[in-house]
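Engineer: sequence plus predicted model, see below.
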Amino acid sequence: KNPLGGIRGAAELLARRVPGERDQQTAALIVRELRSTTALVDELMVFARGDELKLERLNLHRVIDGVLDLVAADPLAHDTEWRRIYDPSIPELEADPGRLTQVLLNLTRNAIQAMGEAGGVLSIRTRIALEHRLLGPDGRPEPTVSISLTDTGPGIPEEIRERIFELFF
């Protein structure tokens with residue numbers, strides 16, 4: 001990641017020094033794309049290292065709200081209507097907040113990109129899922145939590161649906 005940091009620093013300096021608005025916008029674009037590339041490298045490093053989860057007790061809805069606040073700042077999301085449909089009965093749960101945030105960021109960004117500049121509605125729903133249970137530390141079945149995102153985009157074309165879970169597709 002060190003070369004990316006150097007390139008980003010140079011682009012930020014360039015953005016401050018170039019006189020023309022078009023050149024400043026180009027430098028800002030480079031900085032934005034480097035942020036995206038750095039995030040991808042971070043994800044690849046986690047995958048390659050097989051990092052262990054860092055579990056914490058957390059409020060799921062606070063994590064989701066933080067992600068939606070972050071994504072709402074994206075210019076592409078300016079015409080997005082957000083619908084939060086939360087199950088208030090969900091207790092605090094143990095999860096890795098960093099990984100949960102990353103998954104939710106990826107899903108919401110994909111949804112916003114799918115809806116395009118015309119915007120649309122992004123709904124995020126949480127609920128206790130009684131049909132899928134995991135065994136707790138005491139060996140007894142425990143309910144799980146379901147998080148679903150739906151958007152008003154055109155959907156995934158039929159011809160690529162089978163490949164969407166392939167790594168880096």
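Structural biologist: Nice, I can see it. Numbers count the residues shown, from 1 in each chain.
Engineer: list the contacts of residue 129.
Structural biologist: Contacts for residue 129 (CB atoms under 8 Å, 6 or more residues apart in numbering) come out as 143-146. C-beta here means a position set from N, CA and C on the backbone, and glycine is covered the same way.
Engineer: change it to 10 Å
Structural biologist: 87, 143-147 (CB atoms under 10 Å, 6 or more residues apart in numbering).
Engineer: how far is whatever helix or strand it lives in from where the chain is centred?
Structural biologist: For residue 129, the host element (DSSP states H and E) is strand 120-135. Remark: strand 120-135 is offset 17 Å from the chain centroid, using CA atoms, centre = their mean, to the nearest Å.
Engineer: now stretch 36-56
Structural biologist: With CA atoms, centre = their mean, you get 13 Å for stretch 36-56.
Engineer: quick one: the helices in the chain?
Structural biologist: Taking DSSP state H, the helices of the chain run over residues 2-17, 21-49, 60-72, 97-115.
Engineer: now residue 136. Nearest residue, chain neighbours left out?
Structural biologist: residue 142 (4.4 Å; CB to CB, 6 or more residues apart in numbering).
Engineer: same check, this time on residue 14
Structural biologist: Spatial nearest neighbour of residue 14, excluding adjacent residues (CB to CB, 6+ apart): residue 27 at 4.5 Å.
Engineer: surely that neighbour touches residue 10?
Structural biologist: Yes. Using CB atoms under 10 Å, residue 27 is in contact with residue 10, at 9.2 Å.
Engineer: which one's more surrounded, these two?
Structural biologist: Ranked by neighbour count (other CB atoms under 10 Å), residue 27 and residue 10 place residue 27 first, with 19 against 14.
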